[in-house]
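In: Here is a sequence together with a model predicted from it:
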Amino acid sequence: MKRIGILGGGQLGRMTIEESRKLLSYIEVLSPDYPSPAADLADATHLGDLMDYEAVMEVAREVDVLSYEIEHVNVDALWELERGGMPVIPAAAVLALIQDKGRQKELMDANGIPTAAWAWVDGGQSPATPDGLHQAALSLGGYPVVQKARRGGYDGRGVAVIRNEADARSAGDGGRLLAVPSFVERKVAFDKELAVVVARDQAGREASYPCVEMVFDERANLCDSVLMPARVPPETLASAEAVARSVVDALDSAAKAEAAAEGHPSAGAAGVFGVELFLTADGSILVNEAAPRPHNSGHVSMEACVTSQFEQYYRILAGYPLGSTALIMPGMMVNLLGEPGATGEPDYLGLADALSVPGVSVHLYDKREVRPFRKMGHLTAIAPSAEEAMERAERARKALRIMGRA
């Protein structure tokens, strides 16, 4: 049995550990907090900052394979481990590309992968200025545009919609300009936001999950719900899958080329990837961005598919064959968020009522503190039709509220 290390102590690590136990496993985690969702279930926990070089190295000394469930980890440590022969999945070069959204855009362009038109702000190397942001917007044909920070964005942070020149010239409290190295994209008029989770093993074999459609919570600027399969024509489903796979293939080629230039092996884009997509009004598929880990859009696979994205992730890390990604039944996932004003110890109100809805499963992350709009868990509902799955999920959502006890 391989000893596996995962950098990060969040819910993605927790659900990976839960799913891995079916096959027997040994997993250590590096977590900045204890207790934490993954640390509670890990075989061993190292307490430390994910950006701390020595903390990453400490975990690596005790395991056979190293991975990460969040992008904000020390990539220099991962490079050094690869140079010494440690398997890092996905490879250090993949994470380096993903950490820099500007490099992601350049990679897509170089490989002919469709994305929204974009432009650097002030060259992308220095903090954005109002004049630079305005000129970048004009180069794309004017407003509105979406400004994205090159680094550090997560769950909607590091993104700003710039509606007009007044927005471009505002910053600080209530202002829109992000005064960081960044770029702008033309704001896409899309019909749906889609996603495809792609799994790739260490031998380069790939499997993708059915394309999903996502709905975002505008209040919290994060994913609200996911429906599998997406309600789009079969040719659109096929196109979305092909585009998503092309992203992972491009990441794999780039990572292996960088490693080869340094003369050491690389796992390339082995792992599980969430690829977010836009479906435009004319039926085109555009890539928004990619994540090199299990993804919120894939949580519904836990009940809707033969092999969940988390079991798949563990299979890849452990060197087992990929599992089937076939759809068992249509499903909907709803993120369970802390209620507005909720603070303190979480109190799950209406849990029994939610569980009484046919086809509903609830996954709670055991976070010790609730905050407004914090992800505290998710529920899935499966049914013979997408419409019935949606109805069941919404019925369960209305029954369950996560409040706080002072």
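Out: Looks like it came in fine.
In: For the longest helix seen in the chain, list every residue counted as buried.
Out: As assigned by DSSP state H, the longest helix anywhere in the chain is helix 234-262. Under the neighbour-count criterion of 16 or more other CB atoms under 10 Å, helix 234-262 has 236-237, 239-241, 243-252, 254-256, 258-259 buried. For the C-beta atoms, the positions are set from N, CA and C on the backbone; glycine is no exception.
In: What count of nearby residues applies to the spatially closest residue to residue 141 that is not a sequence neighbour?
Out: Of all residues not flanking residue 141 in the chain, residue 186 sits nearest, at 6.9 Å (CB to CB, 6 or more residues apart in numbering). Applying other CB atoms under 10 Å, we find 18 residues neighbouring residue 186.
In: Make sure residue 186 is actually in contact with residue 138.
Out: No. In this structure, residue 186 is not within contact of residue 138 by CB atoms under 8 Å, at 11.7 Å.
In: Next, the residue nearest the centre of the chain: phi, psi?
Out: By CA atoms, centre = their mean, the chain has its centre lying nearest to residue 295, at 3.9 Å. Note on residue 295: its backbone torsions stand at phi -130, psi 150 [degrees, to the nearest 10].
In: Give me the pLDDT for it.
Out: The confidence metric pLDDT takes the value 97 at residue 295.
In: pretty sure it contacts residue 196?
Out: No. At 9.6 Å, residue 295 does not count as touching residue 196 under the criterion of CB under 8 Å.
In: Pull up the overlap in contacts between the two.
Out: Common neighbours of residue 295 and residue 196, counting by CB atoms under 8 Å, 6 or more residues apart in numbering, are residue 274.
In: what mean pLDDT does stretch 39-55 have?
Out: For stretch 39-55, mean pLDDT rounds to 98.
In: Can you name every helix or strand that the host helix or strand of residue 214 contacts?
Out: Taking DSSP states H and E as the definition, residue 214 sits inside strand 212-217. Applying 3 or more CB pairs under 8 Å, 6 or more residues apart in numbering; DSSP states H and E, one finds that strand 212-217 contacts strand 190-200, strand 222-228.
In: tell me which residues in that strand are buried?
Out: Result for strand 212-217 [16+ other CB under 10 Å]: buried residues 212-214.
In: Can you tell me which of the residues you listed is nearest residue 315?
Out: residue 212 (20.8 Å; CB to CB).
In: That closest one is in contact with residue 226, isn't it?
Out: Yes. Residue 212 is within contact range of residue 226, at 4.9 Å (criterion: CB under 8 Å).
In: which neighbours do these two share?
Out: Counting by CB under 8 Å, 6+ apart, the residues touching both residue 212 and residue 226 are 195, 297, 300.
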